[in-house]
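Participant: from the sequence below, what's the structure:
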Amino acid sequence: MSEILELVRQTPLLQLSMQQAINRALGEILEDDDRALIFGEDVGVLGGVFRVTDGLQQRFGANRVFDTPLAESGILGTAIGLAMAGFHPIPEVQFDGFAYPAVNQIITQLARMNYRSRGRLPMPVTLRVPSFGGIRAPEHHGESLESLFAHVPGLKVVSPSNPQQAYHLLKKAASMPDPVIFMEPKARYWNKGEVDLAVEDTSSLEGSVIARSGKHATLIAWGAMVSRCLQVAELAAEDGIELEVLDLRWLKPIDEAGLAASVSRTRRAIVVHEGPHTAGLGAEVAALVSQSCFDSLRAPVERVTGFDVPYPSGDLEDEYIPNIDRILFGVQRVLEYRRG
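Facilitator: Numbers count the residues shown, from 1 in each chain. Alright, predicted model coming up:
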């Protein structure tokens, strides 16, 4: 098995979907780390509802990739106990909306155990959460929980926007001694992209990354909204407007320096996310931008977000998630803003 894996790694460039990239990363984590365990609802025999763990139980056995009861608090409780026993758990919550029953375990145990034990009990738990909307699912199958997770001290939160990032960021998350919430944008699972399997400089996986350069305004997004902002930037370019797209990636900790560097150049910022407007993560981003770039901003930081209603089921999803027109109107507002 190790010889096959090594041969695969010698072929660094592949066209993979995000689902395939995550599956490959999980396989390599299991291969490299005997303490790694994958478990959750239907992740074993079925390979997950999105087939992200497809084939892993067959390769590594039911002792390392296994199904659990439909009990999210039990899944997280098991992960915490295994981490205390020296294992590296990689649990999956099947849908983001199913994470609520596990919030008590996440906040009061997972995030605090390292602090509570004065460092004697690290929590190397990588919690995979298929997240956000865009797949027209029923209620409780699409949520945007990043502000909830990011608010909790002791947790790290990351969300990839493409297969390349999914592969490398998951491997980086799995190498950390801290609990990491890995938010996978469900709407991007089947979108393919070029993945370089070569080992990256780990510093390149930290903080944000510029997905498209521009000079008139910065669109700040994460997860599936990055691709939508790139579409907006492409359309705006037809009218001579050059929009920079900043992919935040790490939602906790937020890359303050990367935010400041981009917005200082463009002097305008629009934050785009699926979560509700009030107390959404965009508010924190806007505050950081305002603190760092107050003297250079030519307009208030704009937010284009979901609405302050429960995340709707599939038939209303298109009305809830920020679309191209709403983002373009946000761009127009900051470009046309005049003081006084």
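Participant: mind listing the strands for the stretch 151-300 of the chain?
Facilitator: Under the criterion DSSP state E, counting those that start in this stretch, the stretch 151-300 of the chain carries strands at the ranges 156-158, 180-185, 192-196, 209-212, 217-221, 243-247, 250-252, 269-272.
Participant: with distance to T278 added, can I get those in a markdown table?
Facilitator: Where C-beta positions appear, they are placed from N, C-alpha and C, glycine not excepted. Putting the strands of the stretch 151-300 of the chain into a markdown table (distance: least, CB to CB, whole Å) gives the following:
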| stretch | distance to T278 |
| --- | --- |
| strand 156-158 | 19 |
| strand 180-185 | 20 |
| strand 192-196 | 34 |
| strand 209-212 | 27 |
| strand 217-221 | 18 |
| strand 243-247 | 23 |
| strand 250-252 | 17 |
| strand 269-272 | 14 |
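Participant: which residues sit against stretch 28-39?
Facilitator: Contacts made with stretch 28-39 from outside it, assessed by CB atoms under 8 Å, 6 or more residues apart in numbering, are listed as 1-2, 5, 9, 26, 53, 56, 59-60, 64-68, 75, 78-79, 82, 86-92, 170-171, 174.
Participant: can you do 6 Å?
Facilitator: Counting contacts by CB atoms under 6 Å, 6 or more residues apart in numbering, the residues outside stretch 28-39 that touch it are 5, 60, 64-66, 68, 87-91, 174.
Participant: gap between the closest residue to W190 other than its chain neighbours and Q164?
Facilitator: Excluding the flanking residues, the one nearest W190 by CB to CB, 6 or more residues apart in numbering is S17, at 5.2 Å. As judged by CB to CB, to the nearest Å, S17 and Q164 stand 12 Å apart.
Participant: mind listing what's buried in stretch 193-210?
Facilitator: Buried residues in stretch 193-210, counted by 16 or more other CB atoms under 10 Å: 193, 195, 197, 205, 207-209.
Participant: what do you get for stretch 118-135?
Facilitator: 122-135.
Participant: and the closest residue to I241 other than its chain neighbours, how far from D295?
Facilitator: Here the nearest residue to I241 in space, its sequence neighbours aside, is H216; by CB to CB, 6+ apart that works out to 5.3 Å. Counting by CB to CB, the gap between H216 and D295 amounts to 19 Å.
Participant: could you do T266 as well?
Facilitator: Computed with CB to CB, the distance linking T266 and D295 is 14 Å.
Participant: who has more neighbours, the two?
Facilitator: With neighbours defined as other CB atoms under 10 Å, T266 and D295 compare such that T266 has more, 24 against 6.
Participant: thanks a lot, catch you later.
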